[in-house]
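S.K.: Sequence and predicted model, in that order:
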Amino acid sequence: MDRPFEQVVRAHGATVLRVCRALLGAHDADDAWSDTFLAALRAWPSLPPDVNVEAWLVTVARRKALDELRRRARHALPVDPADGALGRPLVAALTAPGDRDLDLWDALGALPDKQRRAVVLHHIGGLPYADVADVVGGSDAAARRAGADGVAALRRTYARAAVDGKTGGRP
């Protein structure tokens, strides 16, 4: 590529961070963002000039996030020995503002893989559906359908969580 890499980071850094946060949460997103741009910097000189840089970076970010999720799955969870419930994480139920956001992220995580990726890449990552189709695979129409189905499922499950009172006490 003939474009300076610094311009690419400025232009697409926010999109990559949104994708990392959507897949990993805020805690590990910064590390995945850094890993994404380190890998991209190494590959930058050998990229073909006609590559869609944003879609390529989102793909790299998604893969780095998946690597982190796989790493997490291989590690044991800390437990409270006094609790007696082995394997239960040491995270209490939150009652602070923003709890409802956690319910939304849980609902997003429960979506089927293709729907979740379409929703994250389009609505959070800001990619057009044509680029989402490039990343996820399939056609533009299939990406739109997966995104629409994912949003519809989120509306149903998130609304159900609000009715059931699982939103941290807020309507």
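M.R.: Received it, and whenever you're ready, just let me know what you need.
S.K.: got any ranges where this protein has weak pLDDT?
M.R.: In the predicted model of the chain, residues 1, 75-103, 159-171 satisfy pLDDT under 70.
S.K.: all helices of it, in order?
M.R.: With DSSP state H, the ranges of helices along the chain come out as 5-24, 26-43, 53-73, 99-109, 113-119, 129-136, 140-164.
S.K.: Going by neighbour count, which residues of the fifth one are buried?
M.R.: For helix 113-119, the neighbour count (16 or more other CB atoms under 10 Å) marks 114-119 as buried. To be clear about C-beta, it is placed using only N, CA and C from the backbone, and glycine gets the same treatment.
S.K.: Which strands or helices does that helix pack on?
M.R.: Under the contact definition 3 or more CB pairs under 8 Å, 6 or more residues apart in numbering; DSSP states H and E, helix 113-119 sits against helix 99-109, helix 129-136, helix 140-164.
S.K.: Could you dump those into JSON lines with distance to Leu38 and mean neighbour count added?
M.R.: Formatted as JSON lines, the helices and strands packed on helix 113-119 follow (distance: least, CB to CB, whole Å; neighbours: other CB atoms under 10 Å):
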{"stretch": "helix 99-109", "distance to Leu38": "26", "mean neighbour count": "15"}
{"stretch": "helix 129-136", "distance to Leu38": "20", "mean neighbour count": "21"}
{"stretch": "helix 140-164", "distance to Leu38": "28", "mean neighbour count": "16"}
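S.K.: So for Ala14, which of the ones you listed sits nearest?
M.R.: Nearest to Ala14, of all these, is helix 129-136, at 15.6 Å by CB to CB.
S.K.: Mind listing residues that contact that closest one?
M.R.: With contacts defined as CB atoms under 8 Å, 6 or more residues apart in numbering, helix 129-136 is touched by 52, 54-55, 58-59, 62, 114, 117-118, 121-122, 127, 139-140, 142-144, 146-147.
S.K.: Might you report the residue contacts of the spatially most central residue of the chain?
M.R.: Closest to where the C-alpha atoms of the chain average out (CA atoms, centre = their mean) is Leu23, at 2.3 Å. Residues in contact with Leu23 (CB under 8 Å, 6+ apart) are 32, 62, 65-66, 69, 120.
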